[in-house]
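**Student:** with the input below, show me the fold.
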Amino acid sequence: MTLEILTPEKKLYSGDVYGVQLPGTDGLFEVLNNHAPLISALGKGSVKILISKSNTENYTISGGFVEVLNNKATVLVENVKEA
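**Tutor:** This is a model prediction of the structure:
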C-alpha cells in the first residue's frame, strides 16, 4: 500500500507501507493493504506508520482527513510533530 502524508507546506511522508494507524474522531483505526475505499476525519493523536511488521514511524497530529482509494492512503494534516 502507498501512503502519503501531506501538510500545507510540504510532503511529510511518501512510500510503500504495511499499514497505518490513525486517530479517528471516534477512536483509533488501522488501514492495511487492499482496504475498502474510505474518507474519514481525523482527530488529535498519534499516526503510526507501519513500514514493515517490525519497523514503525510515529507522528503527532492535531486533526485532518484521510482518503483511501485504490490501495493508496492520503493523509492531509494541518499541524504535525515527529514523535
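**Student:** and K81, what's its pLDDT?
**Tutor:** K81 is assigned 84 on the pLDDT scale.
**Student:** partner residues bridging V68?
**Tutor:** Counting by DSSP bridges, V68 forms beta bridges with L38, A73.
**Student:** quick one: it from A83, how far?
**Tutor:** For V68, the distance to A83 equals 22 Å [CB to CB, to the nearest Å]. Placement of C-beta: from N, CA and C, glycine included.
**Student:** neighbour count for those two, which is higher?
**Tutor:** It is V68, of V68 and A83, that has more neighbours when counted by other CB atoms under 10 Å, with 21 against 11.
**Student:** wait, the more buried one sits on L32?
**Tutor:** No - using CB atoms under 8 Å, V68 is not in contact with L32; the gap is 10.0 Å.
**Student:** for T25, what are phi and psi?
**Tutor:** phi -70, psi -20 (degrees, to the nearest 10).
**Student:** could you give the bridge partners of L22?
**Tutor:** Counting by DSSP bridges, L22 is bridged to F29.
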